[in-house]
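J.: fold the following.
(one chain, ligands or ions: 1)
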Amino acid sequence: MPDLLTVRGLTTRFRLAEGDVHAVNGIDFSVAEGETVAVVGESGCGKSVTALSLLRLILPPGTIASGEIIFEGQDLLRLSEDEMRRIRGNRIAMIFQEPMTSLNPVFPIGRQIAEGLIIHRGLSRHEALEEAAQLLAQVGIPSPADRLNDYPHQLSGGMRQRVMIAMALACKPRLIIADEPTTALDVTIQAQILELMDRLREENRMALMLITHDLGVVAERADRTLVMYAGRIVEEGPTHELLSSPFHPYTEGLLASLPQRSEPGRPLTTIPGHVPSLLEEIPGCGFCSRCPDKQWECGQEQPQLKEIAPGHRVRCWKYR
Ligand SMILES: Nc1ncnc2c1ncn2[C@@H]1O[C@H](COP(=O)(O)OP(=O)(O)OP(=O)(O)O)[C@@H](O)[C@H]1O
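T.: Numbering: from 1, shown residues only. Just a heads-up that it's a prediction; the model follows:
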């Protein structure tokens, strides 16, 4: 499949009084048409900043310092704000973790779904509301025509997340970026929502970027997984391979700390140490202070991402 999105050297910083936060440090990756890619890593590793950068939604004091974001053949970083508005919600849609922060509490959900259809697809109000009801049916909301007048607070968390998915689907985007879409939901509902997103992705031939801290259940659904650490991609590969034979010591640590992988009755393993401060540029590998396989070079120089199996790349001095 051809690439839908190609990101090169994306670098995003936040200028704070105490210094620059190097949130995303020159990342390269691509998403093919119709593909599901998971972006995984601990809190603060730069997943959300990456997602927001793709849509140019980074607010001051944040700036995209450099890079290219080629989507459907054009560099999004070179578009005007008007052109970018036509891409957001239309060609690329985003689903956030907590729907209550993205849904407007004072408007009925039908009106909120209809809005994108009116703006981007030029439908009349009546047509847009009819289509909104169809979208609610597609995401499995019962009696959809009656639900159009409901306000967000009248729905359960799982139903609100379905509304967010309906909104994201409204303009038939080519790419959906879902930032921790199921983290706020309980396990059964989480599985239903993931199943639903997968089915809709296939039916609508969209690509999906699934941002998650969960290298287990959520990432398992992706064709490929990118592992981020301290603002860099440290490993990337086909998901089944990355989960069965991880190369980077950080990925190994993440896998060992999954509850479903640890032995029953044994305490859960955690990765010792802390994520480094992103206020200074780290000369060597950002994981080196926590790494069980640390070598001399690790603290001196940044290793490059190196392909060591087809489509499986790792940034680690172990594989020089
Ligand atoms: N508005 C901001 N101002 C300053 N620093 C920020 C801002 N937003 C993010 N950062 C910093 O950028 C880094 C990456 O944050 P990001 O939110 O992308 O992490 P994440 O991997 O998505 O974590 P989480 O899973 O907790 O959302 C963090 O160090 C964070 O403190």
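
J.: how many residues are close by the residue of the stretch 51-200 of the chain found nearest the ligand?
T.: Here the residue of the stretch 51-200 of the chain nearest the ligand is residue 62; by Cβ to the nearest ligand atom that distance is 5.6 Å. C-beta coordinates here come from the backbone N, C-alpha and C atoms, glycine included. Residues lying near residue 62 (other Cβ atoms under 10 Å) number 19.

J.: you'd agree it is up against residue 12?
T.: Yes - assessed by Cβ atoms under 8 Å, residue 62 is found in contact with residue 12 at 6.3 Å.

J.: which residues do the two both contact?
T.: Common neighbours of residue 62 and residue 12 (criterion: Cβ atoms under 8 Å, 6 or more residues apart in numbering): 23, 49.

J.: so the spatially most central residue of the chain, which state does it fall into?
T.: Centroid check for the chain by Cα atoms, centre = their mean gives residue 211 as the closest residue, at 2.8 Å. Taking DSSP: H, G, I helix; E, B strand; the rest coil as the rule, one finds residue 211 in the strand state.

J.: contacts only, for it.
T.: Contacts for residue 211 (Cβ under 8 Å, 6+ apart) come out as 38-39, 47-48, 50-51, 177-180.

J.: next one, pLDDT for residue 257 please.
T.: Listed pLDDT for residue 257 reads 85.

J.: now residue 272
T.: pLDDT, read off for residue 272, is 84.

J.: quickly find the element holding it.
T.: Assessed by DSSP states H and E, residue 272 sits outside every helix and strand.

J.: which positions in the stretch 101-250 of the chain make contact with the ligand?
T.: By Cβ under 6 Å from any ligand atom, the residues of the stretch 101-250 of the chain that approach the ligand are residue 213.

J.: tell me where the stretch 101-250 of the chain has strands.
T.: For the stretch 101-250 of the chain, the strands defined by DSSP state E, counting those that start in this stretch cover 175-179, 207-212, 224-229, 232-238.

J.: turn those into JSON lines, columns for mean pLDDT.
T.: Converted to JSON lines, the strands of the stretch 101-250 of the chain look like this (pLDDT from 0 to 100):
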{"stretch": "strand 175-179", "mean pLDDT": "95"}
{"stretch": "strand 207-212", "mean pLDDT": "95"}
{"stretch": "strand 224-229", "mean pLDDT": "97"}
{"stretch": "strand 232-238", "mean pLDDT": "97"}
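
J.: now tabulate these in JSON lines and tack on distance to residue 128.
T.: Formatted as JSON lines, the strands of the stretch 101-250 of the chain follow (distance: least, Cβ to Cβ, whole Å):
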{"stretch": "strand 175-179", "distance to residue 128": "20"}
{"stretch": "strand 207-212", "distance to residue 128": "25"}
{"stretch": "strand 224-229", "distance to residue 128": "35"}
{"stretch": "strand 232-238", "distance to residue 128": "39"}
